[in-house]
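K.L.:
Predicted structure and sequence below. I'll ask about it afterward.
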Amino acid sequence: MTDTGRSLNSAARELGLKRRTVSKYVRAATWQERVRRIPPRRPTSLDPYLEYLRQLWEEGEHTATVLHQEIAAKGYGGHYQRVKMAIAPLRRGLPIDAPRERPPSPRQVTRWITTAPSRRDLHTTEALRRLLDHCPELARTHDLVSQFAAMLDARDARPLAHWLEQLSGSRLRPWPAWPTPSARTSPQSCRASPPRSTPASTRAASPT
C-alpha cells in the first residue's frame, strides 16, 4: 500500500493496525523477517538419552515402561511420563523433538577429550563421537591424547619415541605446548618430569 504513495498513518487506519506495526512491515525486506519465530524448546534431563531411545525404538522396543527402565539403568532419574511424551511423535512416524544444541566451545571439547572415557556421561560420549566423525584432525588429536594418557597411567615411557614420531607426522598445527622430538626428549626425561598438561588438549582448544 505504501508503494502507491499512501502514508503510514493512512495504511494503518485502513488495515486497523498500529502505525508502528505497519512501519515494521514496510521496513522488512522479506515476509520471513516479520513472521514470528517459535523458539526452540528448552533442554531437559531426558535430552542426553533421546538418541538411545531412538535406537531402542528402531530395534522394536515401543513400550514406554520398558524404555524408561532402559534409560534409568544408564542414569536417567526422570519420570516415566516424560519418556512417554518424548516417544509420542515416534508413534505418529515423526522424529523426536530434540532441542537445538549450540556447537561446543574449544574449552568444552578440550574437557571432553581429556576426560577419561569411563567418566564421560552418555551425552558427552555421543557428542564427542559425532564431532570426531566429522573432524579427522580432531580425531587424530584425540588418538594422540589417548596414547599419551595411557603412557602416564602405566608409567611406561617406552612408547614415547614412537608417539613423538606420530606427532611429527600428524601435520597438526604446531603449538608451543606440543613436545618437539630432540636429543633432550627421552624416556628417562619423561619418567622424571612428565608434561604439566596433556599436549593435545591445548591443540583441541586452539582456534581454527
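P.N.:
Here it is on my side, so go on.

K.L.:
What residues sit buried inside the longest helix anywhere in the chain?
P.N.:
Counting by DSSP state H, the longest helix found in the chain is helix 136-154. Neighbour-count burial for helix 136-154, counted by 16 or more other CB atoms under 10 Å, picks out L138, R140, T141, H142, L144, V145, Q147, F148, A149, M151. Every residue, glycine included, has its C-beta placed from N, CA and C.

K.L.:
can you tell me which residues contact the closest residue to L122 other than its chain neighbours?
P.N.:
Once flanking residues are discounted, L122 sits nearest to P48: 5.3 Å by CB to CB, 6 or more residues apart in numbering. Contacts for P48 (CB atoms under 8 Å, 6 or more residues apart in numbering) come out as Y76, D121, L122, H123, E126.

K.L.:
Show me the domain layout of this structure.
P.N.:
2-33, 47-91, 106-205 (automatic domain parsing).

K.L.:
Comparing those domains by mean pLDDT, which bottoms out?
P.N.:
Ranked by mean pLDDT, the domains of the chain end with domain 2-33 in last place, scoring a mean of 63.

K.L.:
hey, where'd the helices end up in the protein?
P.N.:
Counting by DSSP H, the helices of the chain are 8-15, 19-27, 50-58, 64-72, 80-86, 88-91, 106-114, 122-134, 136-154, 160-169, 187-192, 199-205.

K.L.:
Let me know which of these is tucked in deepest.
P.N.:
helix 199-205 (a mean of 21; mean count of other CB atoms under 10 Å).

K.L.:
hang on, the earlier thing: may I see the helices of the chain organised as a markdown table, with distance to T44 added?
P.N.:
Below are the helices of the chain laid out as a markdown table (distance: least, CB to CB, whole Å):
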| stretch | distance to T44 |
| --- | --- |
| helix 8-15 | 41 |
| helix 19-27 | 34 |
| helix 50-58 | 9 |
| helix 64-72 | 13 |
| helix 80-86 | 7 |
| helix 88-91 | 15 |
| helix 106-114 | 20 |
| helix 122-134 | 12 |
| helix 136-154 | 28 |
| helix 160-169 | 41 |
| helix 187-192 | 45 |
| helix 199-205 | 28 |
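
K.L.:
out of these, nearest to D97?
P.N.:
helix 88-91 (6.1 Å; CB to CB).

K.L.:
which other residues reach the closest one?
P.N.:
Contact with helix 88-91 is made by R54, W57, H62, P95, I96, D97, as judged by CB under 8 Å, 6+ apart.

K.L.:
of all these, which comes closest to L172?
P.N.:
R54 (34.1 Å).

K.L.:
Give the full set of residues in contact with the nearest residue to that closest one once chain neighbours are set aside.
P.N.:
Using CB to CB, 6+ apart and skipping the chain neighbours, the partner closest in space to R54 is I96 (6.2 Å). The neighbourhood of I96, defined by CB under 8 Å, 6+ apart, consists of L50, L53, R54, A86, I87, P89, L90.

K.L.:
do that again at 7 Å, thanks
P.N.:
I96 sits next to L50, L53, R54, A86, P89, L90 when contact means CB atoms under 7 Å, 6 or more residues apart in numbering.

K.L.:
ok, these vs R20, which is closest?
P.N.:
Distances from R20 to these, taken by CB to CB, are shortest for P89, at 38.4 Å.

K.L.:
My guess is G78 contacts L46. True?
P.N.:
Yes. Between G78 and L46 there is a contact at 5.6 Å, judged by CB atoms under 7 Å.
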